[in-house]
Structures are given as C-alpha cells and as structure tokens.
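[1] requesting a structural model of the entry that follows:
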Amino acid sequence: MNSDSSAANVQAESVAKSPENDNQQALAMLQKSDLEMVRVLDDLIYLLIRKGVIAITDLPPMAQVKLMNRANARQELGGLEQLLGGDDRIF
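    Residues are numbered from 1 along each chain as shown. Purely as a prediction, here's the structure:
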C-alpha cells in the first residue's frame, strides 16, 4: 500500500467517526423513529378513546381534525390491519 492510499484511508476513517457524522446519524435515526411514533401515538389515542378514558372532544380542535383525517385515510387503506405488517406485534 502506498502512502497516498494510507493517508486517504486515515482521512476516510476520521470523517466516518467525526462528531458531525455521529450527529447526522443520530438525527436520521430520530427522524425515522418520529414517523414510527406517530403511528404509536395515533393508536394510543384511539385506544384511550375506545376505552372511555378520554373523548375526542377533550382534544384541541386542530388535533381532532388531524385525527379524523388520519382515521379517514387509514379507513380508505383498509383499516389498521392493512397498515400493520406481520412484524409489528405489540408483545
């Protein structure tokens, strides 16, 4: 291996392990989990409503509209069963 190749490898490793790269990876992971958490929270809210713990009217008007829009979209897609894959088990 020549010295130019070694220097390039060292530089590539330092970029891959830089704090900025770590921050970008952490941000990407959080953004992906945000989308997953939306579904979890959506299901949790509907569970609480179904069990009578809260009423949809307890929520702010804009939250009610957003939940109803999501419920309509999910219904058009076939309900919850179609959105949950085989590996989305709760327990």
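[2] pull the longest helix from this protein.
    helix 19-50 (DSSP state H).
[3] how about that one: buried residues?
    Using 16 or more other C-beta atoms under 10 Å as the test for burial, helix 19-50 gives 42, 45, 46, 49. Using the backbone N, CA and C atoms, a C-beta is placed for each residue, glycine as well.
[4] which ones are touching the third one?
    In this case it means residue 46. Going by C-beta atoms under 8 Å, 6 or more residues apart in numbering, residue 46 touches 67, 71.
[5] still on that earlier bit, how about the buried residues of helix 19-50 in a markdown table, adding distance to residue 63 and pLDDT?
    Listed next are the buried residues of helix 19-50 as a markdown table, based on distance: C-beta to C-beta, whole Å; pLDDT from 0 to 100:
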| residue | distance to residue 63 | pLDDT |
| --- | --- | --- |
| 42 | 11 | 90 |
| 45 | 9 | 94 |
| 46 | 13 | 91 |
| 49 | 12 | 93 |
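[6] redo the residues you listed as a markdown table? Include distance to residue 67.
    Listed next are these as a markdown table, based on distance: C-beta to C-beta, whole Å:
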| residue | distance to residue 67 |
| --- | --- |
| 42 | 7 |
| 45 | 6 |
| 46 | 8 |
| 49 | 9 |
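[7] any idea which of the residues you listed is closest to residue 69?
    When the buried residues of helix 19-50 are compared for distance to residue 69 (C-beta to C-beta), residue 42 comes out closest, at 11.0 Å.
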